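**Student:** Predicted structure and sequence below. I'll ask about it afterward.
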Amino acid sequence: MTAKEVKQTLTNEAELLEHLIEAVNKFDGSEFTNQAQFIKDSWARFLGDRCQTNRALAKVDDLELVVDLTEEKCQVEQYVKATDSTAAYTETWEKFLTCERDILQNLVDRARNGKSAQ
């Protein structure tokens, strides 16, 4: 996969995120508690931020793409290290964050090395 293909992948993800945002926004949460409504709205904002980031990254030069994805991967790595995985803590984000880190590392490697998709 080349940097061009990584950018297309980010564009594809942005398209998917737009559909997810639409589904979240159309969902009837009128009977939700205030906190649940806040969570629903927060997910829409989070997905929107990620969508905008992907669209912006698809337009940068190849070196900037690698640098940005590498920085994002390093940030996610810090989140993985900070995740509380004790039995008493019910939210276990470590698997999600580890997956996100691995995806970013794969995109960085492919953009940097210009490897063909396998």
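**Tutor:** Done, it's in.
**Student:** Asp102: what secondary structure?
**Tutor:** helix (DSSP: H, G, I helix; E, B strand; the rest coil).
**Student:** List the residues that contact the nearest residue to Glu77 once chain neighbours are set aside.
**Tutor:** Nearest residue to Glu77 in three dimensions, chain neighbours excluded: Arg101, at 5.5 Å (C-beta to C-beta, 6 or more residues apart in numbering). C-beta coordinates here come from the backbone N, C-alpha and C atoms, glycine included. Neighbouring residues of Arg101 by C-beta atoms under 8 Å, 6 or more residues apart in numbering: Lys73, Val76, Glu77, Val80.
**Student:** Would you reformat the residues you listed as TSV and include neighbour count and pLDDT?
**Tutor:** Putting the contacts of Arg101 into TSV (neighbours: other C-beta atoms under 10 Å; pLDDT from 0 to 100) gives the following:
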residue	neighbour count	pLDDT
Lys73	18	96
Val76	20	94
Glu77	16	93
Val80	17	87
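**Student:** For the residue positioned nearest the centre of the chain, which residues are in contact?
**Tutor:** For the chain, Arg50 is the residue whose C-alpha lies nearest the centre (C-alpha atoms, centre = their mean; 5.9 Å). By C-beta under 8 Å, 6+ apart, Arg50 lies in contact with Glu13, Leu17.
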